[in-house]
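Trainee: sequence plus predicted model, see below.
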Amino acid sequence: MPTTTRTAPELIHVTDIFVEVDRPLELGATPMGGRRTVPIQGGRFQGPLLSGEVVPGGADWQVTRADGVTEIVARYALRTDDGAMIHVVNSGYRHGPPAVMQRLATGKPVSPDEYYMRTSPRFETAHPDYDWLNRTLFIGRGIRYPDRVEIQVFQVA
């Protein structure tokens with residue numbers, strides 16, 4: 001077997017997305033788990049490679065499984081400062097110790113180091129200047145606040 005050097009991929013900071021959210025719509029306990037929908041009201045994104053506004057109207061669909069892990073799937077649109085439209089599907093997981101998750105759920109301040117919230121955003125656009133988004137992998141670190149979510153987005157190089 002040939003020997004190859006294993007090198008971890010580099011992460012390049014792309015943008016930070018600041019999503020303003022409305023109160024969650026609690027759908028209750030379904031066969032899949034506790035389901036809720038969090039409406040997206042708007043926001044901004046800003047960073048070295050992408051900046052602009054979060055277009056109101058998307059949502060974050062969540063289900064909390066029996067093991068306490070919340071599966072996240074958010075769909076929304078971004079408009080760059082130069083007018084390009086970008087469709088986003090951001091899916092991932094949020095979990096932590098039960099006491100920490102309870103504080104988070106009740107709107108109390110919680111350090112993002114106390115829980116795990118990671119996502120894999122997928123971007124889609126027709127704008128030629130941003131075509132690289134259509135063919136690049138990204139990861140995100142999420143931070144949940146009572147009225148907003150921050151997603152720090154990194155390109156996997």
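Mentor: Alright, I've got the coordinates.
Trainee: ok, residue 87 touching residue 123?
Mentor: Yes. Proximity of residue 87 to residue 123 meets the contact threshold set by CB atoms under 8 Å, at 7.2 Å. For the C-beta atoms, the positions are set from N, CA and C on the backbone; glycine is no exception.
Trainee: who's more crowded, these two?
Mentor: More crowded of residue 87 and residue 123, by other CB atoms under 10 Å: residue 123, with 20 against 16.
Trainee: what strand or helix carries the more buried one?
Mentor: Applying DSSP states H and E as the criterion places residue 123 in strand 116-124.
Trainee: distance check, residue 116 against residue 143.
Mentor: Per CB to CB, to the nearest Å, residue 116 is found 11 Å from residue 143.
Trainee: correction: the previous question concerned residue 28.
Mentor: 27 Å.
Trainee: which one's more surrounded, the two?
Mentor: Shown here are residue 28 and residue 143; by other CB under 10 Å, residue 143 has more neighbours (17 against 7).
Trainee: make sure the more buried one is indeed in a helix.
Mentor: No. Judged by DSSP: H, G, I helix; E, B strand; the rest coil, residue 143 forms no part of a helix; its state is strand.
Trainee: what segments of the chain are helices?
Mentor: Listed in chain order, the helices of the chain (DSSP state H) span 98-105.
Trainee: contact partners for residue 4?
Mentor: Going by CB atoms under 8 Å, 6 or more residues apart in numbering, residue 4 touches no other residue.
Trainee: hmm, back to that, list the buried residues in the strand holding residue 123.
Mentor: Using 16 or more other CB atoms under 10 Å as the test for burial, strand 116-124 gives 117, 119, 121, 123.
Trainee: give me the neighbour count for the residue lying closest to the first one once chain neighbours are set aside.
Mentor: In other words, residue 117. Closest residue to residue 117 apart from its sequence neighbours, by CB to CB, 6 or more residues apart in numbering: residue 142 at 3.5 Å. Other residues within reach of residue 142, judged by other CB under 10 Å, total 22.
Trainee: ok, now the one 10 residues further on?
Mentor: By other CB under 10 Å, the residues close to residue 152 number 17.
Trainee: ok, how many other residues are close to the nearest residue to it once chain neighbours are set aside?
Mentor: Among residues not flanking residue 152 along the chain, residue 141 sits closest, at 4.5 Å (CB to CB, 6+ apart). Neighbour count for residue 141, taken as other CB under 10 Å: 16.
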